[in-house]
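Enquirer: quick check, what structure comes out for this input:
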Amino acid sequence: ATSLQTAEAVVAGQTVSFETGRLAHQADGSCTASTSNATVLASVVCAPDISPDADSLPLQVHYLEGAYAHGRIPTTPNKRDRGTEHETLCARAIDRAIRPLFPPGFYNEINVYATVLAAHTPHPS
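Expert: Numbering: from 1, shown residues only. Okay, here's the model as predicted:
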């Protein structure tokens, strides 16, 4: 059983709460980050062995911002599971931020999933 751990930090004048050990137990690591505006689950899965044909870090970043996070339930399902331009740009920003943190020669395949669980946007009045 994984123990629940929490921490808080002030970033750009806003309190961010971090929690690990509650969600995504099958991932190699996961963390929920919450502010007053949003909650994001980040989970990471890493292959135990080095990819035999890899000559660079095989890192894949996926960012998903579902309609349910904003309280909307789509009436028609998307025919193609393709991310929006905003989701692609967020995934690239995450990739660019974390890629330099891995040591040289680390060639294990890594998948990072960042999912917006809740986005508290004000309703128009």
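
Enquirer: contacts and neighbour counts: CA atoms only from here.
Expert: OK.

Enquirer: dihedrals phi and psi, Pro52?
Expert: phi -70, psi -30 (degrees, to the nearest 10).

Enquirer: how close does it sit to Ala27?
Expert: Applying Cα to Cα, to the nearest Å, the value for Pro52 to Ala27 is 23 Å.

Enquirer: okay, these two: which has more neighbours?
Expert: Ala27 (15 against 8; other Cα atoms under 10 Å).

Enquirer: can you verify the more buried one is assigned to a strand?
Expert: No - applying DSSP: H, G, I helix; E, B strand; the rest coil, one finds Ala27 to be coil, outside a strand.

Enquirer: what helix or strand is the closest residue to it other than its chain neighbours on?
Expert: Excluding the flanking residues, the one nearest Ala27 by Cα to Cα, 6 or more residues apart in numbering is Val45, at 5.4 Å. Take DSSP states H and E as the rule and Val45 turns out to sit in strand 38-50.
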